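1. Have a look at this fold, sequence not included:
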């Protein structure tokens, strides 16, 4: 046999991490029969933290920097990586992970929220590289192709998920700034030649502060500079809080404080401090003394004030209650536990929260646990209009019908840290009044923005080669599918105008005869796409990085009930592939249930889909057995869906581990019944027969452990032994699969 092919599987966090410990032994057993090895790389939050401080750890505690290794791997033509959802950590999550690791004996420094001196500043800088969207920009050396697989779409049509009924009297609406936001201030430039630039703040007092230097830019690269005016942001929040109260709708904030790790926590903090303005005015000194930072949320505030004396605590809580009584009701993340939209910045991820609300009649949950119309507060206008257009369409036309609706696939520009998600190291909270300038060689000012203290400045980039690859991928998908294909670009936004010029110049390089390709603003594209899918037609959205993220949650949640079941392929620009397995927004809730009931309802369907296309990639290199494994895996996945063997939400019924058993059963069955490879058929026929004969006993063993708590021995860094024991609780199933692996690998 030729040189052994390798699939690299990422170890991540929370529910996906638990599921991996059950699924990976099965994948290795099946793939090994085709001469395919499966290796792992740790990109979990805890793993990234440990890799950042090797000099502080004992030799046996040190781990390699797997994210850096993967960053090199994705530039190699043979790369074949399956990437599961990981924690894009907010500050509270990062601090919680550090505290857990410290308790486990790792000599890690505390996260310094306000660093003093060079040493603490250096520690803060290391941690800041771990926060937020630290993983995806490193791995995404290609553009995104996301779509609902046919097996998933067919299942949704046969088994439609619930959709809330819309009323034409719905008061739900989106509120965004009319001035002073990133959208309104954005300036853009396409470089005529390569340059090396710095970002500097020219202060009103005449001094200059260099914010970043040595930034290498390429010919044809698009760069943008934009500012969020903090004063106008606060004025906007105050007006919307008052309006929500008067209209009797929930005040519901929607941001991306995980991926946009510098800007959005600050935008979140302004909302909190405006809503609770009397609290911060009356008790500012006490809150500061307790280390309260509104950017970390109400939950952190409530924890921090426990350090104050009882009388002050009571006074603060009374004032907090008075603010809640005077203001509009807040949308709730968890009504039963009193967790509001303001408690944790990472709880209000817009791409998950807005689609769920639109699916639920445009409503969020109030403090009584009832659905209520809302004011969806999305401060920046760049993409807010998409959600308003979706609300308007549903209010006018009613909820979509999953049985008949079409699909919106996506081709997303994300390679080489394109656009907003690559802006973290070029985003700054401005220290004083002046002008932020992007200065090229020879002290040429390329872009500049007037700023005041507290404003948020960001610079984004999009390189020419990824843009051209994105346009090419859109044409390829349009030709393969015949679907209406729309570039979502707003001519009234500076960056999008530059992209529209690129699209107009590059598209004629391809044969587009007979293809339905157009360029529309995001609002127009939303309206057209929703009309098309309501009529049962399919559409391809071709978008930038953030819209890619938003739309690949919005449409799948409406179409198939979840974004976790999307097929997400990243054809890497140098060859090879990165296969992503869906969204992890629900992962924390799944872990909560697992800890209390030993029932993991995480659905690994995304992993099944990713593995099938990963095997396809190996098959293209001449491995015929990989082609058979891929084809039969798809067949096994379809049987699993048709026979309703996905995880149940209820303890005592089939969960993630039971679903994995049925994948093994149906995959082995498909291999035993195929006629393309006799050796594989002969290998898997006995396995199928044994699994089928002992199905009842295995499922009983898997379900029997449920109903009582599960001790993971750590949330962020559970031991491999503990996770393996918890996630492989059937001795019978384990012995069958382990013996099969020994015989065939």
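-> Happy to help now that I have it. In this text, all values refer to a predicted model and were calculated from it rather than measured experimentally.
2. Could you use CA atoms for every contact and neighbour count after this?
-> Noted.
3. where does the closest residue to residue 141 other than its chain neighbours fall, helix, sheet strand or coil?
-> Among residues not flanking residue 141 along the chain, residue 415 sits closest, at 4.8 Å (C-alpha to C-alpha, 6 or more residues apart in numbering). The three-state assignment at residue 415 reads coil, by DSSP: H, G, I helix; E, B strand; the rest coil.
4. shouldn't residue 237 be in contact with residue 274?
-> Yes. Using C-alpha atoms under 8 Å, residue 237 makes contact with residue 274 at a distance of 6.8 Å.
5. who's more crowded, the two?
-> Neighbour count, other C-alpha atoms under 10 Å: between residue 237 and residue 274, residue 237 has more, with 24 against 19.
6. in the stretch 351-500 of the chain, which spans are helices?
-> Along the stretch 351-500 of the chain, the segments classed as helices by DSSP state H, counting those that start in this stretch run 384-397, 464-481, 494-506.
7. Of all those helices, which one is nearest residue 542?
-> helix 464-481 (6.6 Å; C-alpha to C-alpha).
8. Residues touching the lowest-mean-pLDDT helix or strand in the chain, excluding its own?
-> Least confident element among the helices and strands of the chain, by mean pLDDT, DSSP states H and E: helix 136-139 (a mean of 86). Helix 136-139 is touched from outside by 67, 68, 70, 71, 74, 414, 415, 416, 417, 421, 422, 578, with contacts defined as C-alpha atoms under 8 Å, 6 or more residues apart in numbering.
9. how about a cut-off of 6 Å?
-> Residues from elsewhere that reach helix 136-139, judged by C-alpha atoms under 6 Å, 6 or more residues apart in numbering: 71, 417.
10. just stretch 642-661 next, same as before
-> Everything outside stretch 642-661 that qualifies as a contact, by C-alpha under 6 Å, 6+ apart, is 599, 600, 601, 602, 703, 706, 707.
11. For the stretch 501-650 of the chain, give me the ranges with low pLDDT.
-> The stretch 501-650 of the chain contains residues with pLDDT under 70 at 582-585.
12. Where do the helices of the stretch 201-350 of the chain begin and end?
-> 230-247, 263-275, 277-282, 284-289, 298-304, 310-326, 350-359.
13. out of the ones you listed, nearest to residue 166?
-> helix 350-359 (9.1 Å).
14. Show me how far that closest one is from its chain's centre.
-> Mean-position distance between helix 350-359 and its chain equals 13 Å (C-alpha atoms, centre = their mean, to the nearest Å).
15. same deal with stretch 36-55?
-> On C-alpha atoms, centre = their mean, the centre of stretch 36-55 falls 19 Å from the chain's centre.
16. Compute the first-to-last residue distance for that stretch.
-> Start and end residues of stretch 36-55 are separated by 36 Å (C-alpha to C-alpha, to the nearest Å).
17. Kindly report the same for stretch 271-284.
-> 16 Å.
18. same thing with stretch 574-593?
-> Length of stretch 574-593, first residue to last, C-alpha to C-alpha: 42 Å.
19. among the helices of the stretch 201-350 of the chain, which is nearest residue 442?
-> Nearest to residue 442, of the helices of the stretch 201-350 of the chain and by C-alpha to C-alpha, is helix 263-275 at 30.3 Å.
20. from the middle of its chain, how far away would the closest one be?
-> Relative to its chain's centre, helix 263-275 lies at 21 Å (C-alpha atoms, centre = their mean).
21. which strands and helices sit next to it?
-> Here helix 263-275 touches no other helix or strand, going by 3 or more C-alpha pairs under 6 Å, 6 or more residues apart in numbering; DSSP states H and E.
22. So for it, mean pLDDT?
-> With pLDDT averaged residue by residue, helix 263-275 scores 96.
23. pLDDT weak spots in this structure?
-> Within the chain, the segments meeting pLDDT under 70 span 1-3, 582-585.
24. could you dump the helices of the stretch 201-350 of the chain to TSV with distance to residue 655?
-> Listed next are the helices of the stretch 201-350 of the chain as TSV, based on distance: least, C-alpha to C-alpha, whole Å:
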stretch	distance to residue 655
helix 230-247	41
helix 263-275	35
helix 277-282	45
helix 284-289	44
helix 298-304	31
helix 310-326	39
helix 350-359	23
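25. what's the closest of those to residue 92?
-> From the helices of the stretch 201-350 of the chain, taking C-alpha to C-alpha, the stretch that ends up closest is helix 298-304, at 7.7 Å.
26. got the contact list for the closest one?
-> 290, 292, 342, 343.
27. try stretch 574-588
-> Stretch 574-588 is contacted by residues 14-15, 75, 77-85, 564, 568-571, 606-607, 610 when judged by C-alpha under 6 Å, 6+ apart.
28. quick one: which of the helices of the stretch 201-350 of the chain is nearest residue 98?
-> Of all the helices of the stretch 201-350 of the chain, helix 298-304 comes closest under C-alpha to C-alpha, at 15.9 Å.
29. sorry, back to before: please produce TSV containing the helices of the stretch 351-500 of the chain, extended by distance to residue 128 and mean neighbour count.
-> Shown next, in TSV, are the helices of the stretch 351-500 of the chain (distance: least, C-alpha to C-alpha, whole Å; neighbours: other C-alpha atoms under 10 Å):
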stretch	distance to residue 128	mean neighbour count
helix 384-397	28	20
helix 464-481	26	19
helix 494-506	27	17
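30. Done for today, thanks.
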